[in-house]
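# Dropping a prediction and its sequence here:
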Amino acid sequence: MKQLILKQKQIIFFIIAGGLSAIIEIGTFKLFSVYLPKFFSWEYSLYGIKYPLSNIFSTGCGIITNYFLSIWFVFERGKHSKKKEFAYFILVSLVSTFISLIVFQILYHFVFRDVIDLGFFVFSQEMTSKIVAILLVSILNYSIKKKVIFNG
């Protein structure tokens, strides 16, 4: 078991870093989705897009958190300079954000139509969509970040 853990250390740390980043992203999404509509009424639906600013701002918080956790705990520095590494990280994250926004909209409009009541906690339609979108995009992120950005 110890050998398996040591062999998969990077994946385990990626999951932990991703989990912490997801907590930041989901927490800030909850805050933004509650408070931004008070200032921007169109935040509920901008041309059919639900919570666009909340999604973008919370994803940005998650990306920055994930970058620092990735360079501190998950990946070793690759062959790129720090500036290029950060630029590639942001580029991959922006593409991932776009994919995440699309996945969120599909899930919100077509998949999660009701709240999920676990008895002790209730997941709203938007929170369930956000969580599932994060999980799906995380798989893509790990592969690209490992092979392209931190490929030292």
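Thanks, I have the structure now.

# So for the chain, the centremost residue is which one?
Against the mean C-alpha coordinate of the chain, by CA atoms, centre = their mean, the closest residue is Ile134 at 4.5 Å.

# Not including adjacent chain positions, what is the nearest residue to Gln105?
Computed as CB to CB, 6 or more residues apart in numbering, the closest residue to Gln105 that is not its neighbour in sequence is Ile49, at 6.3 Å. (C-beta placed from N, C-alpha, C; glycine too.)

# Need the pLDDT of that neighbour.
The predicted structure scores Ile49 at 77 on the pLDDT scale.

# cool, Ile139 as well?
Here the pLDDT value assigned to Ile139 is 82.

# quick one, strands of this structure?
116-117, 122-123 (DSSP state E).

# Name every strand pairing with the last one and say which way it goes.
Take DSSP bridges as the rule and strand 122-123 pairs in its sheet with strand 116-117 (antiparallel).

# what's next to the partner strand, contact-wise?
Under the criterion CB atoms under 8 Å, 6 or more residues apart in numbering, residues 122-123, 128 lie in contact with strand 116-117.
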